[in-house]
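[1] Quick one: sequence and predicted model below, then my questions.
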Amino acid sequence: MKIGIDKMAFATTDEYIDLRELARERGDEPDKYTIGIGQDRQAVVPPTQDIVTLGAAAAKKLLSKDDKKHLSTVIVATESGIDNSKASAIYIKHLLGLDDFTRAVELKEACYSATAGIQFAKGLVAMNPQSTVLVIAADIARYGLKTPGEVTQGAGAVAMLISADPHILTLEDTTVSYTKDVMDFWRPLYATEANVDGKYSTNVYVDFFLQCWQRYQQMTGRQLDDFAALTFHLPFTKMGKKALEALLKDNQSPVADKMREQLTASQKYCREVGNLYTGSLYLGVMSLLQNGQVNPGDRIGLFSYGSGAEGEFYSGILQPHFEKYLSDVKDDLANRHQVSIAEYEKQFNSQLGMNQDDVELDWQSDPALFILKGQKEHKRIYQEKK
């Protein structure tokens, strides 16, 4: 039975900053951000948006009435949870008007958990091939203003429908997971911004990729030329390049050159949005499929990584007419508007966060379909704009 990704859709906020302006404001050379880190723009999050509104917006784009009839489960993968007990998936399930006979759960393991969600979804569909599973990777990456990690912030959500006989990518059976207890990145319960050892985390990421790739090769016998492209978790786009070059080294063959070109295509959207944590790999996949040189029947490799740390390498085969089942990311990004660094800083400091007070936000000015109106009696209040 073929099982895999049937549809994919992306959502982010309608505001961004230009990282060249941020660099100048912080006293840095713009090339440090655009070349050294590999980022051009970064999504700005108004206080009326969070992982629930972004996740619901992405899912709304792909779910038809017929899809809803077959949906058994909603899985939200995030490290930006809005409650220590109640799953964000339940809020999203309600906003989407899904049947009450729907399972809804939230998964966490840093940036990796969307991949776990896809693998779990594959098992659920295998047990009941008539059902589908909605996997949503939604996150808001925060490191703090004027911190070393500020340039690698971002926000957005990727929604994926997992089904039998998928239209985008059939998942192959062999998958390699690799897990070790590593303190390269973490966020204690009392913190709204993450702690990160950036250089160490990059080294761990590269090592985990090589470990997973070598194990995958041992298990399958496949070589680099068996793939049309390799895609990577891209918290910042230079990270994927470091991993690929650690594999290719001085290889200048046509296959190696093709892998580098395909990586550039997969980085395009992430350069414009920033870090999506759990969604970064899958926005990279969408970017490859809409900007790279790929065809039905091609094998795509996917490397997922979550600090702490866990990595996984797996693969899939592109299906006929896959391009028809992706939302138009290029159009979404073109319709955003730029805000000043001062406005970005104001919005960064206006997030609901861990505030225990009743708060009413200025939600009328937010043009998004789903909005966070505020908080009352310790309960977040969401609404779909009609």
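    Right, received. Where do you want to start? Keep in mind that this is a model prediction, so the values were computed, not measured. Numbers count the residues shown, from 1 in each chain.
[2] Can you point out the buried residues in stretch 222-229?
    Using 16 or more other CB atoms under 10 Å as the test for burial, stretch 222-229 gives L224, F227, A228, A229. C-beta: built from backbone N, CA, C; applies to glycine.
[3] got it, and stretch 90-109?
    Judged by neighbour count (16+ other CB under 10 Å), stretch 90-109 contains these buried residues: 90-93, 95-96, 98, 102, 104, 106-109.
[4] Of those residues, which is the nearest to Y178?
    Relative to Y178, the closest of the buried residues of stretch 90-109 is E109; by CB to CB it sits at 12.6 Å.
[5] Just the local confidence number for that closest one, please.
    E109 is assigned a pLDDT of 97 by the prediction.
[6] Pull the number of nearby residues for M1.
    By the criterion of other CB atoms under 10 Å, M1 has 8 neighbours.
[7] For it, list the residues it contacts.
    Each residue near M1 by CB atoms under 8 Å, 6 or more residues apart in numbering is listed here: A126, P129, A164.
[8] So which of these sit within helices?
    Counting by DSSP state H, the part of the contacts of M1 found in helices is A126.
[9] is it possible to export the contacts of M1 to JSON lines including neighbour count, pLDDT and distance to Q267?
    Listed next are the contacts of M1 as JSON lines, based on neighbours: other CB atoms under 10 Å; pLDDT from 0 to 100; distance: CB to CB, whole Å:
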{"residue": "A126", "neighbour count": "11", "pLDDT": "98", "distance to Q267": "33"}
{"residue": "P129", "neighbour count": "13", "pLDDT": "97", "distance to Q267": "35"}
{"residue": "A164", "neighbour count": "18", "pLDDT": "98", "distance to Q267": "31"}
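[10] how far away is C212 from S80?
    25 Å (CB to CB, to the nearest Å).
[11] So what sits opposite Y382 in the bridge?
    L372 (DSSP bridges).
[12] oh, I was asking about T170
    When bridges are called by DSSP bridges, T170 pairs up with G4, I317.
[13] So what touches the helix or strand of the chain with the lowest mean pLDDT?
    Lowest by mean pLDDT, DSSP states H and E among the helices and strands of the chain is strand 195-196, with a mean of 84. By CB under 8 Å, 6+ apart, the residues outside strand 195-196 that reach it are Y143, G149, D184, F185, W186, R187, P188, S307.
[14] where's it relative to the chain centroid, distance-wise?
    In terms of CA atoms, centre = their mean, to the nearest Å, the centre of strand 195-196 is found 19 Å from the chain centre.
[15] What of stretch 81-94?
    The chain centroid and the centroid of stretch 81-94 are separated by 18 Å under CA atoms, centre = their mean.
[16] Extract the CA atoms of it and return them as CSV.
    Output of stretch 81-94 as CSV, limited to C-alpha atoms (Å, rounded to 0.1, in the frame of the first residue of the first chain):
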residue,chain,number,x,y,z
GLY,A,81,2.9,25.3,22.9
ILE,A,82,0.3,27.7,24.4
ASP,A,83,-0.7,25.4,27.2
ASN,A,84,1.2,22.8,29.3
SER,A,85,-1.8,20.5,29.3
LYS,A,86,-4.3,21.1,26.6
ALA,A,87,-3.2,20.3,23.0
SER,A,88,-3.2,23.1,20.5
ALA,A,89,-4.7,20.6,18.1
ILE,A,90,-8.0,20.8,20.0
TYR,A,91,-8.2,24.5,19.4
ILE,A,92,-7.4,24.0,15.7
LYS,A,93,-9.9,21.2,15.4
HIS,A,94,-12.6,23.5,16.7
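[17] Now the helix or strand harbouring A9 - C-alpha only, CSV.
    Per DSSP states H and E: A9 is located in strand 3-11. Extracted C-alpha coordinates of strand 3-11, given in CSV (Å, rounded to 0.1, in the frame of the first residue of the first chain):
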residue,chain,number,x,y,z
ILE,A,3,1.0,6.0,2.0
GLY,A,4,2.4,9.5,2.1
ILE,A,5,1.8,13.2,1.8
ASP,A,6,-1.3,13.9,-0.2
LYS,A,7,-1.5,17.7,0.1
MET,A,8,0.7,20.5,1.6
ALA,A,9,-0.1,24.1,2.5
PHE,A,10,1.8,27.0,4.1
ALA,A,11,0.7,30.0,6.2
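[18] which residues are in contact with the helix or strand just after that strand?
    Counting by DSSP H and E, the next helix or strand C-terminal to strand 3-11 is strand 15-18. For strand 15-18, the external contacting residues (CB under 8 Å, 6+ apart) are 40-44, 46, 272-273, 336-341, 344, 347.
[19] in strand 15-18, what counts as buried?
    For strand 15-18, burial by neighbour count (16+ other CB under 10 Å) applies to E15, Y16, I17, D18.
[20] quick one: the helices in the chain?
    Ranges of helices in the chain, per DSSP H, are 19-25, 30-31, 51-62, 65-70, 88-95, 113-127, 198-220, 237-248, 254-273, 280-291, 329-334, 341-348.
[21] tell me which strands and helices the third one is in contact with?
    Read it as helix 51-62. Contacting helix 51-62 under the criterion 3 or more CB pairs under 8 Å, 6 or more residues apart in numbering; DSSP states H and E are the following elements: strand 3-11, helix 88-95, strand 132-141, strand 154-164, strand 370-376, strand 379-384.
[22] of all those, which lies closest to G297?
    Evaluated over the helices and strands packed on helix 51-62, closeness to G297 peaks at strand 3-11, with 13.7 Å, by CB to CB.
[23] Packing partners of that closest one?
    Judged by 3+ CB pairs under 8 Å, 6+ apart, strand 3-11 is in contact with helix 51-62, helix 113-127, strand 154-164, strand 169-179, helix 280-291, helix 329-334.
[24] same thing but 10 Å
    Packed against strand 3-11, as judged by 3 or more CB pairs under 10 Å, 6 or more residues apart in numbering; DSSP states H and E, are the following elements: helix 51-62, helix 113-127, strand 132-141, strand 154-164, strand 169-179, helix 280-291, strand 310-318, helix 329-334.
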